[in-house]
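S.K.: all I have is the shape, not the residue letters:
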């Protein structure tokens, strides 16, 4: 009944003991556990081999967060434009194709659970943690893509988990760092937040992940993870979900800052949870002590059963659901993944071509006053401006493998190289709102530029906020230079409301190589933009 994170890229003595002695039900892996497809295949095989050596010989669920905007196996895998980009495509078939690639690549390396798709409706533009991880703002459109994603994953042999029930899209607090509260009415929750989860359940999803959020209209006293009214009354009874209920990580700030770590596991199981997720998401704490931490939580559950606080019948039902899921997906068979299969599947030429085509479909032009496509003489100059603070990039590396995982890519440098392939006379400027002597840099831009292209970014980071407010300020200063300004957003399009003074705005929805390539193609008129923003920009 425990799905836990482990340390390192191989089977350490501690990891071996966690599987063999604690007899956990599954392992949660992040990009920090992965160096290559062949390494990951070896690691998952060793995990399953260790599980078979226990007296119960029950195979493990091996799970990860691979949702598009958040991804693993970087930079080898093909995550595509992210869910918001798939929402911009306005085609559920594109979502199915992308998630079929996820299933193929994850299965090839021995994974069997993808904690995806995100079923949250992103109805709050100030949501720092969901944003591009959501398919959009329209509940029906989000539901169609959730269905397509669930079916594609499970047809491909991967167990799908929709999250974060009953909805994380209307929050402004990141549950990795604090406990959010949603004040939307019960009618509003049913009409907006629950609809995509209903779609996922109709599609046959096997896992539903809870959210650590208090919903005043449903159960004002406790977060959904601890609420029998939400998990039993709504998810089980009203929505008739019969699969496995999994918590979001019980190591997140929403739980550990407000509740006792051991007792919280007992309370969640009493509320109707089947399986406890313990990802290592205490980013400001030193890594280590995993075995001891897990052991204390498992002992707390055992003591609750022995004392009668946690009914044996509840435990038996949960275990039965988990074992039935493992049998349904043939996990008791020996794994067939090999290093050669992994190397030829993950990031294959076919997958990369499909990924690029879908990224091309996602690109949206939100404004164009005639500056697009770019038509300059060879002698005319393009100034490329990166307005991102350098310290913001540092945050990308502090999430310990959970999150966007761009790897060694610096999106602006890749964008610059794509532009130079088409127009050699391009200058780079790194100007942010902390740049000393910024007026001098702006003067240079005014004197040297025939056209200015600013490249903006935002990344949804667990436990951190990627600072993007200063980018809008820089863009407004660029508009004051008197030169034409085009913005290319390698991110969600919400910033456009602060940048209406620009001449043109192109949204790529993602900062990975295929999204960057697709956006530059639109800039130079090689392809038409076909995407439509799936969120309101009023």
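M.R.: Good, I have the coordinates. Keep in mind that this is a model prediction, so the values were computed, not measured.

S.K.: what residue lies at the spatial centre of the chain?
M.R.: In the chain, the centroid-proximal residue (C-alpha atoms, centre = their mean) is residue 70; its distance is 3.0 Å.

S.K.: measure that residue to residue 427 for me?
M.R.: Distance, residue 70 to residue 427, using C-beta to C-beta, to the nearest Å: 34 Å. All C-beta spots, glycine's among them, are computed from the backbone N, C-alpha and C.

S.K.: and the residue nearest to the centre of the chain, helix, strand or coil?
M.R.: Three-state assignment for residue 70 (DSSP: H, G, I helix; E, B strand; the rest coil): coil.

S.K.: and the residue lying closest to it once chain neighbours are set aside, what does it touch?
M.R.: Nearest residue to residue 70 in three dimensions, chain neighbours excluded: residue 403, at 5.6 Å (C-beta to C-beta, 6 or more residues apart in numbering). By C-beta atoms under 8 Å, 6 or more residues apart in numbering, the contact set of residue 403 is 70, 396, 459, 460, 461, 462.

S.K.: run the last query once more with 10 Å
M.R.: For residue 403, the contacting residues are 30-31, 65, 69-72, 129, 133, 176, 395-397, 459-464, 466, by C-beta atoms under 10 Å, 6 or more residues apart in numbering.

S.K.: buried subset of those residues?
M.R.: Neighbour-count burial (16 or more other C-beta atoms under 10 Å) applied to these gives 30-31, 65, 69-72, 129, 133, 176, 395-396, 459-464, 466.

S.K.: which of those fall within strands?
M.R.: 460, 461, 464 (DSSP state E).

S.K.: distance-wise, check the residue nearest to the first one when sequence neighbours are not counted relative to residue 171.
M.R.: Yep, that's residue 460 we're talking about. In space, and not counting its chain neighbours, residue 460 is closest to residue 131: 4.8 Å by C-beta to C-beta, 6+ apart. For residue 131, the distance to residue 171 equals 11 Å [C-beta to C-beta].

S.K.: any shared contact partners between these two?
M.R.: Counting by C-beta under 10 Å, 6+ apart, the shared contacts of residue 131 and residue 171 are 120, 122, 124.

S.K.: what's the closest of the residues you listed to residue 317?
M.R.: Using C-beta to C-beta, residue 120 is the member of the shared contacts of residue 131 and residue 171 that lies nearest residue 317, at 27.5 Å.

S.K.: ok, the closest one - contacts?
M.R.: Counting by C-beta under 10 Å, 6+ apart, residue 120 makes contact with 83, 127, 129-131, 133-135, 142, 146, 162-171, 193, 196-197, 211.

S.K.: residue with max distance from the center of the chain?
M.R.: residue 379 (42.7 Å).

S.K.: per-residue pLDDT, that residue?
M.R.: With respect to pLDDT, residue 379 scores 96.

S.K.: cool, and residue 222?
M.R.: 95.

S.K.: and for residue 285?
M.R.: So, for residue 285, pLDDT stands at 49.

S.K.: check residue 59 too.
M.R.: 97.

S.K.: report whether it is found in a helix, as I expect.
M.R.: No. Secondary structure of residue 59 (three-state DSSP): coil, not part of a helix.

S.K.: residue ranges with poor pLDDT in this protein?
M.R.: Applying pLDDT under 70 to the chain flags residues 281-288.

S.K.: let me know whether residue 433 touches residue 471 as I believe.
M.R.: Yes. Counting by C-beta atoms under 10 Å, residue 471 is a contact partner of residue 433 at 8.0 Å.

S.K.: overlap in contacts of these two?
M.R.: 387, 389.

S.K.: looking at these two, which one has more neighbours?
M.R.: More crowded of residue 433 and residue 471, by other C-beta atoms under 10 Å: residue 471, with 28 against 15.

S.K.: wait, a helix at the more buried one?
M.R.: Yes. Per three-state DSSP, residue 471 lies within a helix segment.

S.K.: neighbours around the residue nearest to it when sequence neighbours are not counted, how many?
M.R.: Using C-beta to C-beta, 6+ apart and skipping residues adjacent in sequence, the residue nearest residue 471 is residue 387, 4.3 Å away. Residue neighbour count, defined by other C-beta under 10 Å, stands at 25 for residue 387.

S.K.: what's the answer for residue 56, then?
M.R.: 7.

S.K.: quick check: it touching residue 23?
M.R.: Yes. Counting by C-beta under 10 Å, residue 56 touches residue 23, with 6.2 Å between them.

S.K.: does residue 383 count as helix, strand or coil?
M.R.: At residue 383 the chain is in strand, as set by three-state DSSP.

S.K.: which non-adjacent residue is nearest it?
M.R.: residue 449 (4.0 Å).

S.K.: so who does the one you found touch?
M.R.: The contact partners of residue 449, by C-beta under 10 Å, 6+ apart, come to 380-385, 427, 429, 478, 481-485.

S.K.: nothing else from me, thank you.
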